[in-house]
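> got a structure for you, letters missing:
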């Protein structure tokens, strides 16, 4: 596309929207930033840009007469695609892309992409480190925090882009084509956005949409949906399993991760040599190893990196010990399935902080996973009554459920309840929106409040 002076609407004024605008400006386009929140400041939005004079800002209700002036719409991932105004864009024949699609079309090199309900951030970070330790030019982008559009101007043909891709981002791809993809697992999440589990699964599976027979898709064999999905896809399916030996694939057996090609079995690493803990993390390691192997990284280099990798911030992150109580930040536990992993990692009586934005999840499975470890449940946010009701229905003692108005009060309450030898765990099973911009901000605040105790 010839971008010069093309008027492109960027829907959303956050980090992704700003990144898309910057890239469009560099390509010679004239972006229009649109945000439905009429109370925002146009000047503050423009001040985020390097060349604010090349962009304009529209806030509040969208002026439909502007549709005729536009060449393209770029959606930020936080904006639902079923809004009436978005349907009008599509009905008028305007192409509607996401920030990921824009970056892919203008970027260079090869792409490795990871999605899944849980584990995708750790898998992406680990894969990114494996690639960085072997390749000279690697970019780790996407849902992990760095907008893909922000790195495109630096890329050469030798670039390797490792991208964490959410379901929100997959909704708006068109030509996006990773040479290796992975779906770590699929469990209930984001039903407030996708409405049904079937639609959520469909969107996740779009990651293989443009892959060919030369490509691979790495799938969790222990996920029933993914095991079946792998039988009908165009790229080669490579399975990983934490529960059984695979004739072909990568699997965990007797405390050792192994790869089998159907003829020979090769040892990758003993789990005791990894700094990452827990079965879910061994699955993340297997997914990253499979993708890196396809990308041509020698096993010796892979092994060296995975043994030194210590994990990601906000995922069962040790914070501090205060009066004999250990505090852990699992703010990345933004849905019940992820939060189950946080509980399973605890090896002492735990005071648990839960609650947040309601993504229409159900919480019974999470509560049943407490397995006697959770002595007190401290709840905050929009979902606190819903979680409390589910906990009582599951037999959790009502007298051990406490409500707090905010995270700071919750940390103080936990400190008062916990005794030496206990743990305090922030693992909310909910999104952070409403009280925080994102789970990173929530985790950072938790660490700040703990250190103030």
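Yep, that arrived. These figures come from a predicted structure and were not determined experimentally.
> Report the contact partners of residue 205.
183, 229 (C-beta atoms under 8 Å, 6 or more residues apart in numbering). To be clear about C-beta, it is placed using only N, CA and C from the backbone, and glycine gets the same treatment.
> is it fair to say it lies in a helix?
Yes: judged by DSSP: H, G, I helix; E, B strand; the rest coil, residue 205 forms part of a helix.
> and it, how far is that from residue 232?
10 Å (C-beta to C-beta, to the nearest Å).
> cool, residue 267 as well?
As judged by C-beta to C-beta, residue 267 and residue 232 stand 32 Å apart.
> Mind checking which of these two has more residues around it?
Neighbour count, other C-beta atoms under 10 Å: between residue 267 and residue 232, residue 267 has more, with 12 against 9.
> Run through the bridge partners of the more buried one.
Per DSSP bridges, the residues bridged to residue 267 are residue 258.
> residues contacting it?
For residue 267, the contact set (C-beta under 8 Å, 6+ apart) comprises 256, 257, 258.
> Show the pLDDT at it.
You'll see residue 267 listed with a pLDDT of 97.
> swap in residue 192?
So, for residue 192, pLDDT stands at 68.
> what do you get for residue 183?
For residue 183, the predicted pLDDT is 96.
> how much space between it and residue 204?
On the measure of C-beta to C-beta, residue 183 and residue 204 end up 6 Å apart.
> where's residue 102 relative to residue 386, distance?
For residue 102, the distance to residue 386 - C-beta to C-beta - is 37 Å.
> re the thing from before, find the residues that touch each one of residue 183 and residue 204.
Joint contacts of residue 183 and residue 204 (C-beta under 8 Å, 6+ apart) are 115, 116.
> Domains of this protein: list them as residue ranges, please.
7-94, 101-308, 317-452 (automatic domain parsing).
> Tell me which stretches of the stretch 251-400 of the chain form strands.
256-261, 265-270, 317-322, 325-329, 350-354, 374-379 (DSSP state E, counting those that start in this stretch).
> and those strands, which is most packed in?
The highest mean neighbour count among these, using mean count of other C-beta atoms under 10 Å, belongs to strand 350-354: a mean of 26.
> Tell me the strands beside that one, with direction?
Strand 350-354 is paired, per DSSP bridges, with strand 374-379 (parallel), strand 423-426 (parallel).
> of the contacts of residue 267, closest to residue 431?
residue 257 (31.9 Å; C-beta to C-beta).
> Excluding chain neighbours, what is closest to the closest one?
Setting aside the residues directly before and after it, residue 257 is nearest to residue 268 in space (C-beta to C-beta, 6 or more residues apart in numbering), at 4.4 Å.
> Kindly reformat the domains of the chain as a markdown table containing distance to residue 1.
Shown next, in a markdown table, are the domains of the chain (distance: least, C-beta to C-beta, whole Å):
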| stretch | distance to residue 1 |
| --- | --- |
| domain 7-94 | 8 |
| domain 101-308 | 8 |
| domain 317-452 | 32 |
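> can you pull out the helices in the stretch 201-350 of the chain?
Per DSSP state H, counting those that start in this stretch, the stretch 201-350 of the chain carries helices over the ranges 224-229, 279-294, 299-308, 336-345.
> What of the stretch 1-150 of the chain?
15-26, 42-46, 84-91, 99-106, 120-132.
> Could I get these in TSV, plus columns for distance to residue 315, mean neighbour count and mean pLDDT?
Shown next, in TSV, are these (distance: least, C-beta to C-beta, whole Å; neighbours: other C-beta atoms under 10 Å; pLDDT from 0 to 100):
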stretch	distance to residue 315	mean neighbour count	mean pLDDT
helix 15-26	20	24	94
helix 42-46	31	15	95
helix 84-91	33	14	94
helix 99-106	23	24	96
helix 120-132	6	26	96
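> Out of the ones you listed, which is closest to residue 423?
helix 120-132 (20.5 Å).
> contact partners of that closest one?
With C-beta under 8 Å, 6+ apart, helix 120-132 has contacts from 112, 114, 116, 138, 140, 142-144, 160, 162-166, 182, 184, 276, 281, 284-285, 287-289, 291-292, 295, 297, 301-302, 305-306, 309, 311-312, 315, 332.
> Residue 10: neighbour count?
The burial count for residue 10: 28, using other C-beta under 10 Å.
> For it, give me its contacts.
17, 20, 21, 24, 31, 32, 33, 34, 74, 76 are the contacts of residue 10 under C-beta under 8 Å, 6+ apart.
> Residue 256 now?
267, 268, 269, 270, 271.
> now it: how far from residue 341?
Residue 256 is 21 Å from residue 341, by C-beta to C-beta.
> for residue 433, same thing?
Look at residue 433 and residue 341: by C-beta to C-beta, they are 21 Å apart.
> got it, and residue 398?
For residue 398 relative to residue 341 (C-beta to C-beta), the value is 26 Å.
> In this structure residue 5 contacts residue 31, no?
No: counting by C-beta atoms under 8 Å, residue 5 sits too far from residue 31 to count as a contact (11.2 Å).
> for the contacts of residue 267, which one is nearest residue 44?
Of the contacts of residue 267, the one sitting nearest to residue 44 (C-beta to C-beta) turns out to be residue 257, at 48.6 Å.
> my read: that closest one touches residue 251, true?
Yes: Residue 257 is in contact with residue 251 according to C-beta under 8 Å; the separation is 7.4 Å.
> Quickly list what's touching both of these two.
With C-beta under 8 Å, 6+ apart as the test, residue 257 and residue 251 both reach residue 286.
> Low-confidence ranges, this protein, go.
Applying pLDDT under 70 to the chain flags residues 188-194.
> Which residues are in contact with the residue of it positioned farthest from its centre?
Centroid-distance maximum for the chain: residue 65 at 36.3 Å, with C-alpha atoms, centre = their mean. With contact taken as C-beta under 8 Å, 6+ apart, residue 65 is in contact with no other residue.
> and the gap between it and residue 317?
50 Å.
> Residue 5 now?
Taken as C-beta to C-beta, the span from residue 5 to residue 317 is 47 Å.
> Next: residue 440.
Counting by C-beta to C-beta, the gap from residue 440 to residue 317 is 11 Å.
> Residue 103 now?
Residue 103 is 29 Å from residue 317, by C-beta to C-beta.
> Residue 299: what's it in contact with?
By C-beta under 8 Å, 6+ apart, residue 299 lies in contact with 266, 268, 293.
> Now tabulate those residues in CSV and tack on distance to residue 427.
Formatted as CSV, the contacts of residue 299 follow (distance: C-beta to C-beta, whole Å):
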residue, distance to residue 427
266, 36
268, 29
293, 32
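> Nearest to residue 425 among the residues you listed?
residue 268 (30.5 Å).
> looking at it, that closest one is touching residue 289, isn't it?
Yes: contact between residue 268 and residue 289 holds when scored by C-beta under 8 Å: they sit 5.8 Å apart.
> what's the overlap in contacts for these two?
250, 257, 259, 302, 306.
> Just to check, the first one is in contact with residue 289?
Spelled out, that is residue 250. Yes: between residue 250 and residue 289 there is a contact under C-beta under 8 Å: 6.2 Å.
> so what's in contact with the two at the same time?
Common neighbours of residue 250 and residue 289 (C-beta under 8 Å, 6+ apart) are 257, 259, 268.
> Cool, thanks, signing off.
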